[in-house]
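Q: Sharing a model prediction with you, sequence too.
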Amino acid sequence: ETGVTQSPTHLIKTRGQQVTLRCSSQSGHNTVSWYQQALGQGPQFIFQYYREEENGRGNFPPRFSGLQFPNYSSELNVNALELDDSALYLCASSIAGLGIGDTQYFGPGTRLTVL
Amino acid sequence: DAKTTQPNSMESNEEEPVHLPCNHSTISGTDYIHWYRQLPSQGPEYVIHGLTSNVNNRMASLAIAEDRKSSTLILHRATLRDAAVYYCILRDTRGSTLGRLYFGRGTQLTVWP
């Protein structure tokens, strides 16, 4: 069973640009969550997708959007990049419906730098 | 979401036990206590979770106070590979089971050889 993978590993963009980050969930996992982790902070929940539909969003503006595909992959899109968007972006997959014990499996993250 | 309080940092020597505390005085009856850890340059990984009773697994033990307002993650013999940030998280069982995780700043554990 392969783990959660993310691409690219690192990315440098300039203010105002748009970026797409990709995640491949573990096989059979129907839920993916995205988190933003600023330096020295814990991860902050961005949003979650369940069976290809958004299922909850944290305190992030609409320029953060996502997609989940039937093949267990997903994307995080950020428009109009700002300097404060520089962070490590993590995706986590899990199997919904198993109750509170559903473990979330995290990928290694994508380090985004906005200049 | 219910908040947790953890010390910013702790230190231990290799092969000694480590007790990582977490306070959650506003915990509700439906909140599970979860622990994740994040090794350097990696995403977080699940460690253990519990509701009321103490729990053990191959990685650690979780001791939960009788009033559930605090808990302690116990690493029985710390190794250098246990150096990480440890997060104590409360997860609500009500409503959707598609629970998302709300992280604090965690405890940075340093293990000395």
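A: Thanks, I have it.

Q: where does chain A have low pLDDT?
A: Within chain A, the stretches with pLDDT under 70 are A:1-2, A:97-102.

Q: in it, which spans are strands?
A: Under the criterion DSSP state E, strands of chain A are mapped to A:5-7, A:10-13, A:19-24, A:31-37, A:44-50, A:53-57, A:64-68, A:73-78, A:87-94, A:105-106, A:110-114.

Q: how about the ones you listed, which one is nearest chain B?
A: The stretch from the strands of chain A with the least distance to chain B (C-beta to the nearest C-beta) is strand A:105-106; that distance is 3.1 Å. Placement of C-beta: from N, CA and C, glycine included.

Q: near chain B, anything from that closest one?
A: Yes. Interface with chain B: strand A:105-106 contributes A:105-106 (C-beta under 8 Å from any C-beta of the partner chain).

Q: other SSEs contacting that strand?
A: Under the contact criterion of 3 or more C-beta pairs under 8 Å, 6 or more residues apart in numbering or on different chains; DSSP states H and E, the helices and strands touching strand A:105-106 comprise strand A:87-94, strand B:45-50.

Q: Which neighbouring elements make contact with the shortest one?
A: The reference is to strand B:45-50. Other elements packing on strand B:45-50 under the criterion 3+ C-beta pairs under 8 Å, 6+ apart are strand A:105-106, strand B:31-38, strand B:61-64, strand B:70-75.

Q: Distance from the chain centre to the next helix or strand after that strand, please.
A: Once strand B:45-50 ends, the next helix or strand along the chain (criterion: DSSP states H and E) is strand B:55-56. Relative to the centre of its chain, strand B:55-56 is centred 12 Å away, using C-alpha atoms, centre = their mean, to the nearest Å.

Q: for the strands of chain A, which one sits closest to B:Arg37?
A: With C-beta to C-beta as the criterion, B:Arg37 lies closest to strand A:105-106 of the strands of chain A, at 10.8 Å.

Q: Good, wrapping up.
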